[in-house]
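Engineer: prediction below, plus the sequence it came from.
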Amino acid sequence: MLRRMARMQVDLPDGLYEEIKARGLPASKLLQKAVSAELRRLDLLAETDRYVADLIAEVGAPSAAQRKRAATVARRLSRRPPRQVV
(Lines give C-alpha, C1' and ligand atoms only; values in the text may rest on other atoms or scores of the structure.)
Protein backbone atom coordinates (compact mmCIF):
# COMPACT_ATOMS: atom_id res chain seq x y z
CA MET A 1 0.00 0.00 0.00
CA LEU A 2 1.47 3.34 -1.03
CA ARG A 3 1.10 6.27 1.29
CA ARG A 4 0.90 9.68 -0.25
CA MET A 5 2.88 12.41 1.49
CA ALA A 6 1.93 16.05 1.72
CA ARG A 7 4.03 18.33 -0.40
CA MET A 8 5.55 21.63 0.67
CA GLN A 9 7.68 24.14 -1.14
CA VAL A 10 10.80 25.20 0.74
CA ASP A 11 12.97 28.15 -0.20
CA LEU A 12 16.71 27.78 0.39
CA PRO A 13 19.49 30.31 -0.04
CA ASP A 14 21.35 29.72 -3.33
CA GLY A 15 24.57 28.64 -1.59
CA LEU A 16 22.81 26.04 0.54
CA TYR A 17 20.87 24.69 -2.45
CA GLU A 18 24.05 24.41 -4.53
CA GLU A 19 25.92 22.65 -1.71
CA ILE A 20 23.15 20.07 -1.31
CA LYS A 21 23.09 19.43 -5.06
CA ALA A 22 26.91 19.31 -5.35
CA ARG A 23 27.08 16.66 -2.63
CA GLY A 24 24.21 14.67 -4.09
CA LEU A 25 22.30 14.75 -0.81
CA PRO A 26 18.63 13.79 -0.60
CA ALA A 27 17.14 17.21 0.22
CA SER A 28 13.69 15.88 1.09
CA LYS A 29 15.00 13.36 3.64
CA LEU A 30 17.38 15.92 5.13
CA LEU A 31 14.56 18.42 5.56
CA GLN A 32 12.28 15.77 7.08
CA LYS A 33 14.96 14.91 9.66
CA ALA A 34 15.68 18.58 10.39
CA VAL A 35 12.01 19.40 10.89
CA SER A 36 11.51 16.33 13.10
CA ALA A 37 14.54 17.28 15.20
CA GLU A 38 13.32 20.86 15.61
CA LEU A 39 9.82 19.74 16.61
CA ARG A 40 11.35 17.37 19.18
CA ARG A 41 13.57 20.18 20.50
CA LEU A 42 10.55 22.48 20.88
CA ASP A 43 8.58 19.73 22.65
CA LEU A 44 11.46 19.16 25.09
CA LEU A 45 11.74 22.90 25.78
CA ALA A 46 8.00 23.08 26.48
CA GLU A 47 8.24 20.07 28.79
CA THR A 48 11.17 21.71 30.60
CA ASP A 49 9.11 24.87 31.07
CA ARG A 50 6.22 22.81 32.51
CA TYR A 51 8.61 20.97 34.83
CA VAL A 52 10.16 24.20 36.12
CA ALA A 53 6.71 25.75 36.63
CA ASP A 54 5.65 22.66 38.61
CA LEU A 55 8.81 22.88 40.75
CA ILE A 56 8.24 26.55 41.45
CA ALA A 57 4.64 25.83 42.41
CA GLU A 58 5.80 23.05 44.72
CA VAL A 59 8.85 24.58 46.44
CA GLY A 60 8.79 28.26 45.46
CA ALA A 61 10.95 30.36 43.21
CA PRO A 62 14.72 30.29 43.81
CA SER A 63 16.22 33.15 45.78
CA ALA A 64 18.69 35.59 44.25
CA ALA A 65 21.53 33.77 46.06
CA GLN A 66 20.38 30.40 44.68
CA ARG A 67 20.18 31.80 41.14
CA LYS A 68 23.66 33.30 41.49
CA ARG A 69 25.07 29.98 42.74
CA ALA A 70 23.40 28.09 39.89
CA ALA A 71 24.85 30.53 37.34
CA THR A 72 28.32 30.04 38.83
CA VAL A 73 28.03 26.25 38.63
CA ALA A 74 26.69 26.41 35.06
CA ARG A 75 29.56 28.69 34.02
CA ARG A 76 32.14 26.32 35.51
CA LEU A 77 30.56 23.31 33.84
CA SER A 78 30.43 25.04 30.46
CA ARG A 79 34.22 25.58 30.60
CA ARG A 80 35.00 21.91 31.21
CA PRO A 81 35.86 19.75 28.23
CA PRO A 82 33.27 17.05 27.59
CA ARG A 83 34.03 13.65 29.09
CA GLN A 84 34.88 10.81 26.76
CA VAL A 85 32.36 7.99 27.09
CA VAL A 86 34.00 4.63 26.61
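Structural biologist: Here it is on my side, so go on.
Engineer: alpha carbons only for contacts and neighbour counts from here, please
Structural biologist: Will do.
Engineer: let me know the secondary structure of residue 5.
Structural biologist: Each residue gets one of three states, and residue 5 gets coil by DSSP: H, G, I helix; E, B strand; the rest coil.
Engineer: equivalent analysis for the one 10 residues further on, please.
Structural biologist: Per three-state DSSP, the secondary structure class of residue 15 is helix.
Engineer: can you get me a residue count around it?
Structural biologist: 9 (other CA atoms under 10 Å).
Engineer: ok, it to residue 66 distance?
Structural biologist: Remark: distance between residue 15 and residue 66 (CA to CA, to the nearest Å) = 46 Å.
Engineer: would you map the strands across this structure?
Structural biologist: Along the chain, no stretch is classed among the strands by DSSP state E.
Engineer: any stretches of it with poor pLDDT?
Structural biologist: Scanning the chain for pLDDT under 70 picks out nothing.
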